[in-house]
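Chemist: Sequence below, structure please.
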Amino acid sequence: QVQLVESGGGLVQAGGSLRLSCAASGLTFRRYCMGWFRQAPGKEREFVAAISVSGGNTDYADSVKGRFTISRDNAKNTVYLQMNSLKPEDTAIYYCAAEQRQIGTTRSLYDYWGQGTQVVVSS
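Modeler: Predicted structure coming up:
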């Protein structure tokens, strides 16, 4: 049974930082591209960042480029999202997801999803 478990969310002031983690089990982690998505209240779930199986390729939404960094540790079956210079508009539930085909920005590409972790950025 595949499980993706996010952690690291919380309440932070604007300009602050958080690091999200997503621990994977039940799959061969090193064979999966990983992504982070987020969903704000009343909005659709949107792409944030993605990383290839080796970690050599990454992709980011324009809204987070230069502020967020995705990384992975295949030995620990974990993907991370370092979030710096946080803004109130970053407030959302953050989800990690896994897919085997290619690094992608589209939700439908992803086969497995976590339950999410809440991030709240106060102004």
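
Chemist: From the chain's centroid, how far away is stretch 112-123?
Modeler: Taking the mean C-alpha point of stretch 112-123 and that of its whole chain, the gap between them comes to 9 Å (Cα atoms, centre = their mean, to the nearest Å).

Chemist: Next: stretch 62-73.
Modeler: Taking mean C-alpha positions (Cα atoms, centre = their mean), stretch 62-73 and its chain are 9 Å apart.

Chemist: Which parts of that stretch count as buried, going by neighbours?
Modeler: For stretch 62-73, burial by neighbour count (16 or more other Cβ atoms under 10 Å) applies to Val64, Phe68, Thr69, Ile70, Arg72. Where you see a C-beta, it was placed from the backbone N, CA and C, and this is true even at glycine.

Chemist: Just to be sure, which of these are found in strands?
Modeler: Judged by DSSP state E, strands contain the following of these: Phe68, Thr69, Ile70, Arg72.

Chemist: out of the buried residues of stretch 62-73, who's nearest Tyr112?
Modeler: Tyr112 has its nearest neighbour among the buried residues of stretch 62-73 in Arg72, at 14.9 Å by Cβ to Cβ.

Chemist: Nearest residue to the closest one in space, please, no chain neighbours.
Modeler: On the basis of Cβ to Cβ, 6 or more residues apart in numbering, the spatially nearest residue to Arg72 that is not a chain neighbour turns out to be Val79, at 4.5 Å.

Chemist: quick revisit: let me have the buried residues of stretch 62-73 in JSON lines, extended by pLDDT and distance to Ala98.
Modeler: Listed next are the buried residues of stretch 62-73 as JSON lines, based on pLDDT from 0 to 100; distance: Cβ to Cβ, whole Å:
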{"residue": "Val64", "pLDDT": "98", "distance to Ala98": "20"}
{"residue": "Phe68", "pLDDT": "98", "distance to Ala98": "18"}
{"residue": "Thr69", "pLDDT": "98", "distance to Ala98": "19"}
{"residue": "Ile70", "pLDDT": "98", "distance to Ala98": "13"}
{"residue": "Arg72", "pLDDT": "98", "distance to Ala98": "11"}
